[in-house]
Structures are given as structure tokens and as C-alpha cells.
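Colleague: Sequence first, then the predicted structure:
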Amino acid sequence: MDDHPHISNTHVLAGGFAPEGQSERLHGALAHRLAVDILKGVYPSGTVLPSEIESSESLKISRSAYREAIRILAAKGMVESRPKAGTRVTERTRWNILDPDVLGWMFETEPSESFIQGLFELRLITEPAAAGLAATRRTDEQIAAMADGLERMERHTLETEAGRKGDLDFHHALLTASHNEVLISLSTSIGAAVAWSTQFKQRHNKLPRDPVPDHAKVFDAIVARDVGAARWCMESLVRMALEDTQRSMD
């Protein structure tokens with residue numbers, strides 16, 4: 001009988017784990033599986049995870065692969081290991097929620113409405129300000145990058161990977177155009193939030209509306225160097241994206 005039904009060998013193979021020896025794929029996939037189980041409450045905060053020896057024997061993986069998986073989760077604040085005490089799941093407040101991997105795992109496990117609300121509140125705080133700064137600081141190269149992302153969004157639509165990549169590049173170029181290194185440092189996290197929420201909204205049905213015109217309004221305001229309009233249009237874009245996401249959860 002399997003000692004760990006939630007991270008069994010069946011799950012390992014189904015999750016895309018490589019055979020032993022391909023350790024990078026193996027420990028990355030195991031970290032993903034453990035993280036999803038933590039987020040689903042299989043291993044609540046304070047729970048001690050199965051030991052390295054126990055898990056490696058049960059899953060028929062090397063101990064080094066299991067250790068690397070735990071290191072990945074520890075770097076994201078989700079677990080901590082102490083001598084003789086084992087590896088314990090930490091309190092949620094210690095998790096690096098804005099890590100792109102963690103955001104992806106959150107959306108994989110049907111995030112709560114409060115989490116969605118908090119994520120969009122962060123976007124409402126940062127992205128309108130970034131758009132306002134971009135309206136005064138953007139370069140011709142950054143305008144061209146935003147235009148390219150916008151064109152790919154329109155041509156491919158957000159139902160495709162190519163269209164979503166255009167969306168991601170648009171937001172990255174906008175944040176870069178703020179020329180504020182603190183805001184730019186959030187680009188990867190905000191990009192991940194945009195990407196995962198876009199996919200999440202259409203997991204059951206098509207997107208309720210085309211968001212490209214909203215992006216075009218932000219772009220036009222930045223091109224015109226209209227700070228007020230850039231901020232207002234970006235705030236409207238994020239608020240409508242929140243409404244779409246909330247409707248998809250009903």
C-alpha cells in the first residue's frame with residue numbers, strides 16, 4: 001500500500017516526472033506536486049512532510065532529487081527544514097505569493113475570491129501609477145515594443161498562447177517605460193498575474209469580452225503623453241479584468 005497517496009508514483013509519472021537520472025525535471029515536478037498538495041490543504045501549515053528517506057523510497061526517486069524539491073519550496077517560503085525536526089509547512093503569510101511559480105500553483109488550485117481580490121488590488125496600486133510615469137518617460141523603443149505587443153494581441157487574440165505572449169510583452173514594456181526600477185522589479189510578478197488570470201478566466205468559457213480596445217486606450221494615452229488619461233485608462237482596464245475574473249468564478 002502506498003504510504004503517500006497524494007504524491008504517489010502514479011502522480012509522479014502523470015505529472016511529467018522524468019526517469020531517475022534526469023534530476024532537474026524530477027525535482028522540479030516533485031516541487032510542483034508538493035506545492036499543489038500544500039495549497040489544496042493536503043499538508044496544512046504546521047504539518048511535517050514525510051522524511052527524505054521515507055519519501056525517496058516510497059516514490060522510488062533519489063534522495064538528492066527530493067532534497068532539491070524541498071529546497072525549491074523553501075526558497076519560496078513554503079516550507080522550512082530544521083535538524084531533527086524535519087521539514088514543516090510554514091504559515092501562509094511567509095509564502096512568496098508574488099513568485100511566478102507560486103502564482104501559477106495558486107491558480108491551478110482554484111484560488112479563493114479574497115486572493116483574486118488582493119492580486120487585483122496590487123495591480124490597481126501599481127499599474128495605473130506605472131502608466132502615468134510611462135506617459136512622461138517612455139522612449140520611442142518602448143512605444144514600439146508596446147505597439148508590437150498590442151498588435152499580436154489583436155492578431156492572435158488572448159485565446160492563443162501567441163496572443164497572451166503579446167499581452168505579457170505589452171505590460172512588461174509599459175512597466176519598463178516607467179523608468180522606475182522598483183516598479184520594473186515587479187514586472188515578472190505582474191506579468192505572471194496577468195497571464196495566469198487570463199487563462200483562468202477562460203478555463204470553462206470564452207472570454208466575456210475583447211480586452212484589446214482597453215489596452216489600446218492605455219497605449220494611446222501614453223503615446224499622447226497624457227498622464228491623467230493613462231492612469232485612468234489603466235485603472236479601468238484592471239477593474240474590468242477583475243470583474244471578468246470574478247464572473248468566471250460564479
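Modeller: Cool, got the structure.
Colleague: which other residues reach the helix or strand containing Gln199?
Modeller: Element membership of Gln199 [criterion: DSSP states H and E] is helix 187-201. Outside of helix 187-201, the residues that reach it under the criterion C-beta atoms under 8 Å, 6 or more residues apart in numbering are 98-100, 103-104, 106-107, 111, 116, 119, 122-123, 126-127, 158, 164, 167-168, 171-172, 175-176, 207-208, 241, 244-245, 248. C-betas here are computed from N, CA, C, even on glycine.
Colleague: one more time with 7 Å, if that's ok
Modeller: 98, 100, 103-104, 107, 119, 123, 126-127, 158, 164, 167-168, 171-172, 175-176, 207, 241, 244-245, 248 (C-beta atoms under 7 Å, 6 or more residues apart in numbering).
Colleague: Show me which of the residues you listed are buried.
Modeller: The neighbour count (16 or more other C-beta atoms under 10 Å) marks 100, 103-104, 107, 119, 123, 126-127, 158, 164, 167-168, 171-172, 175-176, 241, 244-245, 248 as buried among the contacts of helix 187-201.
Colleague: just checking, which of these belong to helices?
Modeller: The helices in this structure, assigned by DSSP state H, contain 100, 103-104, 107, 119, 123, 126-127, 164, 167-168, 171-172, 175-176, 241, 244-245, 248 from those.
Colleague: pretty sure Arg152 is touching Asp167, no?
Modeller: No. With contact defined as C-beta atoms under 7 Å, Arg152 does not reach Asp167; the gap is 8.3 Å.
Colleague: mind listing the helices for this structure?
Modeller: Along the chain, the stretches classed as helices by DSSP H are 9-14, 23-39, 52-59, 63-75, 100-108, 113-137, 140-156, 161-177, 181-185, 187-201, 212-223, 227-249.
Colleague: Can you tell me which helices and strands the longest one packs against?
Modeller: Here helix 113-137 touches helix 161-177, helix 187-201, helix 212-223, helix 227-249, going by 3 or more C-beta pairs under 7 Å, 6 or more residues apart in numbering; DSSP states H and E.
Colleague: mind redoing it with 6 Å?
Modeller: Where contact means 3 or more C-beta pairs under 6 Å, 6 or more residues apart in numbering; DSSP states H and E, helix 113-137 is packed against helix 161-177, helix 212-223, helix 227-249.
Colleague: Quick check: which of those is buried the most?
Modeller: For the helices and strands packed on helix 113-137, the largest average neighbour count (mean count of other C-beta atoms under 10 Å) is found in helix 161-177, namely a mean of 21.
Colleague: avg pLDDT for it?
Modeller: With pLDDT averaged residue by residue, helix 161-177 scores 96.
Colleague: Give me the contact list for it.
Modeller: Outside helix 161-177, the residues within contact range by C-beta atoms under 6 Å, 6 or more residues apart in numbering are 130, 134, 138, 142, 145-146, 149-150, 152-153, 156-158, 183-184, 187, 191, 194-195, 198.
Colleague: Thanks a lot, see you next time.
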